[in-house]
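# how does the following fold in three dimensions:
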Amino acid sequence: MAFYDQLEAHLRFMHASPPLISRILNIVIFIGFSGFIIKLYKPTEGNLLFDGSSLVLYTIGVIVYITNIVKGLRIVTAGKYEKAFTAEELAAPGMAVTREDSLRVLAASNTILALVLIGVLVLQAGQWYAERKDRDEAAKFEKEKQEKVAAKVSEKGGNHVTRSSSKKKQ
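Alright, predicted model coming up:
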């Protein structure tokens, strides 16, 4: 029971942070959406798959943050666990949400948000890796092509004597 008291005190402390912190968080969320939308402006097939999936995961993360975490922090700060629901919702069987249940939902939401954002990072790293491999393979193909052309030119050029070089010899 003491753990819930400590968790509740920590969450109240976090929720009582200066408004600048929440504004910075909102700016970061907006920059993330802007970045994904800019990357999807004229997408390649790889961009469409990786960035589209990342945008979906990012949107899920923002929804979890707004619906569960922000609402949960407000409920914890107010201390109104059962009072956050209407009388009809509380009358339904199994709907009385206790303090422990609310704190567990908040902790689970934080875990889900962390996993979703890690998924976004993994997708972006996968896109970077795929693009790098594609560039390396294209450079390797071009190098082999140039070597074949140079080999053909040297075969033809080694046996053929030009007029200017034959005149110099005379």
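# need the three-state assignment for Lys42.
Secondary structure, DSSP: H, G, I helix; E, B strand; the rest coil: Lys42 is coil.
# from Val56, how far out is it?
Distance, Lys42 to Val56, using Cβ to Cβ, to the nearest Å: 19 Å. Placement of C-beta: from N, CA and C, glycine included.
# remind me which residues of this structure are low pLDDT?
By pLDDT under 70, the low-scoring segments of the chain are 1, 82-87, 89-97, 157-170.
# center of this structure, which residue is that?
Val120 (2.5 Å; Cα atoms, centre = their mean).
# by residue count, what's the longest helix in this protein?
Counting by DSSP state H, the longest helix found in the chain is helix 99-159.
# just checking, what packs against that one?
helix 2-15, helix 45-64, helix 71-78 (3 or more Cβ pairs under 8 Å, 6 or more residues apart in numbering; DSSP states H and E).
# quick one: closest of those to Lys156.
Lys156 sits nearest to helix 45-64 of all those, at 40.1 Å, using Cβ to Cβ.
# look up how far Ser53 lies from the residue nearest to Ile60 when sequence neighbours are not counted.
In space, and not counting its chain neighbours, Ile60 is closest to Val116: 5.5 Å by Cβ to Cβ, 6 or more residues apart in numbering. Separation of Val116 from Ser53 (Cβ to Cβ): 11 Å.
# from what I can see Gly72 touches Leu106, true?
Yes: if you go by Cβ atoms under 8 Å, Gly72 and Leu106 touch, sitting 3.9 Å apart.
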